[in-house]
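Engineer: When you get a sec, could you give me coordinates for this:
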Amino acid sequence: MAEPGGAPVLVAAGGTGGHLFPAEALAAALVKRGRAVHLATDRRAARYGGAFAGDAIHVIASDTLRARHPFALAKTSLWLGVGLFQAWALIGRLKPAAVIGFGGYPTIPPVLAAAWRGIPSLIHEANAVFGRANRLLAPRVDAIATAFAAVAHGDAGLSAKATLTGNPVRPAVVAAAATPYPVAVDPLRLLIFGGSQGARIMAEIVPAAIALIEPGLRARLAIVQQSREEDMARVRSAYAGLPIAAEIAPFFPDLPARMAGSHLIVSRSGASTIAELAAIGRPAILVPLPHALDQDQFANASELAGAGGAIRLAQTEFTPRRLAAEIAALAAAPARLAAMAAAAKLLGRLDAAERLADLVLRVAGTHSTQ
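Structural biologist: Residues are numbered from 1 along each chain as shown. Predicted coordinates for the structure are as follows:
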């Protein structure tokens, strides 16, 4: 990504947006300081890893533990072992100043290999609770960066290594954060998205909820909704039958700008979503993914709801009738919406990438070249 300014930094991240977006934000901050950055990831990164040059992306074998039966355990162990061998060799070639993992099973081989080679190592925990991979790695690394203050509380050994940096957000999010909360609420702009694991429930519940809203309010709504390809036709048909102004697409490349232009967001509560809601400062109705083993999305939503920036609904509570009632109540209280936006923004950390870059270079025993 840049000409080397000393030994490079190796970032390790699972190949999803939630892991790669903060890794990319850190990489951009390190590049500004003249530091070369390489990415160790899995095969999925082709969709999200465009910020890294091709020769700086290294695919490392890994597997996610999805079941506890012996075959699954053996399969995961085998692939992680292969990945560990690959990561050991990669670190031997790159000789990085530090290795930092951003969560997910693909981070285990590079971070473990770094620890065993005596290379300074860190992890970044973006959620309000430790994920399984980071729980495994936490005792073995030199430092832990967190997005939430209470993540490492209750464990003296981990707390001593923990630094609150926030969750780095993309440059597009930083740019969107400069947009003030929209004062005019006619039309009332709703943005709905669910991520790869959550868009289906949004397709099932949100159009049905909008249909229950009284016609006068419904006429004031402008809706932007992410929908899976297989749900597009029925979502469009549902809105056309009301009728209501609605833009439906499977992906919005300008999502941060659309968040900034919205009065209310309905979404899941992954770590990147929470960080972006807080950075931009927008109120939300959050529906945590219910089946996660770590219940990370529930914990994330609780942080934002506890600060007054969101309403958290368990998926069992996320019914058309409940959602219609929540939207109607908020639409009738624009001052409450503005207060929620302000409360969310108080949790935002636009300098998270810079703070994390400071920590990485401190652990590496180096100094910024800025």
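Engineer: Not counting residues beside it along the chain, what's closest to residue 117?
Structural biologist: Nearest-residue entry for residue 117: residue 91, 5.7 Å, with adjacent residues in sequence omitted and distances by Cβ to Cβ, 6 or more residues apart in numbering. All C-beta spots, glycine's among them, are computed from the backbone N, C-alpha and C.
Engineer: ok, the one you found - how many residues close by?
Structural biologist: By other Cβ atoms under 10 Å, 21 other residues sit near residue 91.
Engineer: wait, it sits on residue 121?
Structural biologist: No: look at residue 91 against residue 121 with Cβ atoms under 8 Å: they stay out of range, at 10.1 Å.
Engineer: which residues do these two both contact?
Structural biologist: Between them, residue 91 and residue 121 share these contacting residues under Cβ atoms under 8 Å, 6 or more residues apart in numbering: 99, 114.
Engineer: Let me know the helix or strand that residue 275 is in.
Structural biologist: Using DSSP states H and E, residue 275 sits within helix 271-280.
Engineer: Which elements pack onto that helix?
Structural biologist: helix 17-32, helix 171-176, helix 255-260, strand 264-267, helix 296-306, helix 334-346 (3 or more Cβ pairs under 8 Å, 6 or more residues apart in numbering; DSSP states H and E).
Engineer: who's in contact with the fourth one?
Structural biologist: It refers to strand 264-267. 188-195, 198, 202, 206, 259, 273, 277, 282-287, 323, 327, 330, 337.
Engineer: Type out the ChimeraX command that picks the buried ones from those residues.
Structural biologist: The buried residues among the contacts of strand 264-267 can be selected in ChimeraX (16 or more other Cβ atoms under 10 Å) with this line:
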select :188,189,190,191,192,193,194,195,198,202,206,259,273,277,282,283,284,285,286,287,323,327,330,337
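Engineer: Restricted to helices, list the contacts of strand 264-267.
Structural biologist: Judged by DSSP state H, helices contain the following of these: 202, 206, 259, 273, 277, 323, 327, 330, 337.
Engineer: Switch those residues over to a markdown table; also include pLDDT.
Structural biologist: A markdown table is the format used below for the ones in helices among the contacts of strand 264-267 (pLDDT from 0 to 100):
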| residue | pLDDT |
| --- | --- |
| 202 | 96 |
| 206 | 97 |
| 259 | 98 |
| 273 | 95 |
| 277 | 98 |
| 323 | 98 |
| 327 | 98 |
| 330 | 98 |
| 337 | 98 |
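Engineer: okay, these in a markdown table with distance to residue 26 next?
Structural biologist: Converted to a markdown table, the ones in helices among the contacts of strand 264-267 look like this (distance: Cβ to Cβ, whole Å):
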| residue | distance to residue 26 |
| --- | --- |
| 202 | 30 |
| 206 | 34 |
| 259 | 21 |
| 273 | 18 |
| 277 | 20 |
| 323 | 36 |
| 327 | 36 |
| 330 | 35 |
| 337 | 33 |
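Engineer: of all those, which comes closest to residue 304?
Structural biologist: residue 277 (6.6 Å; Cβ to Cβ).
Engineer: how close does the closest one get to residue 38?
Structural biologist: Using Cβ to Cβ, to the nearest Å, we find residue 277 at a distance of 30 Å from residue 38.
Engineer: go on, residue 52?
Structural biologist: Separation of residue 52 from residue 38 (Cβ to Cβ): 8 Å.
Engineer: Report how many residues lie close to residue 365.
Structural biologist: Quick note: residue 365 (other Cβ under 10 Å) scores 9 neighbours.
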